[in-house]
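> Give me coordinates for this.
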Amino acid sequence: MLATKKARAVGFNHVALEVGDIDEALAFYGRLFEFELRGKGETSAFIDLGDQFLALQKGRTQPADEGRHVGLVVTDKEAVRAALVAAGVELVPGRFLDFLDPWGNRIEIIGYDNIQFSKTPGVLRGMGLGDLKKNDKAIEELTAKGMAPE
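Numbers count the residues shown, from 1 in each chain. I've put the predicted structure just below:
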């Protein structure tokens, strides 16, 4: 049998969330996060995440997500918690900082400092985040894989 070469998955270019209305979605997420728009049309918008993006697409019809979710990495998890409370958004019970947006997309908020996911120094610099650092636990995990930040 002839072996087929497999491509290796290396990351995400974007994640698409289905929403009811693009302008309402931008207003909702704008209350929670500072972001720049990469582009916008009648049925979609693209929130810039440096070398990645979050796509908002009009047309959500399915019920609210339960287990399925998107883990969104942020510079300050507690600032998002405060913004959610101020906006009156109910948090999903549990040990993580999860919430449902108005269309039922479940979002988990994760602090950049506490995870292995890393932006390159050039991407961080381009995003104006050149001083963003990892905590000791994340550095240990990255070092064990030969991926320690420089």
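
> Who are the contact partners of Asp76?
Contacts of Asp76 were listed using Cβ atoms under 8 Å, 6 or more residues apart in numbering, and they are Gly111. (Each C-beta comes from the backbone N, C-alpha and C, glycine too.)

> What's the per-residue pLDDT of it here?
Note on Asp76: pLDDT of 96.

> start the count at 13, not 1, going forward
New numbering, starting at 13: the last item is Asp88.

> how near is it to Leu154?
As for Asp88, its distance to Leu154 is 21 Å (criterion: Cβ to Cβ, to the nearest Å).

> and the residue nearest in space to the middle of the chain, which of the three is it?
Of all residues in the chain, the one closest to the mean position by Cα atoms, centre = their mean is Leu84, 2.3 Å from it. When classified by DSSP: H, G, I helix; E, B strand; the rest coil, Leu84 comes out as strand.

> didn't Ser56 look like it was pressed against Gly71?
No - Ser56 lies out of contact with Gly71 (Cβ atoms under 8 Å); the separation is 9.5 Å.

> between these two, who's got more neighbours?
Ser56 (15 against 10; other Cβ atoms under 10 Å).

> Pairing partners for that one in the sheet, please.
Under DSSP bridges, the beta-bridge partners of Ser56 are Gln69.

> do Ile119 as well
Checking Ile119 by DSSP bridges, which sets the bridge assignment, gives partners Val82, Phe111.
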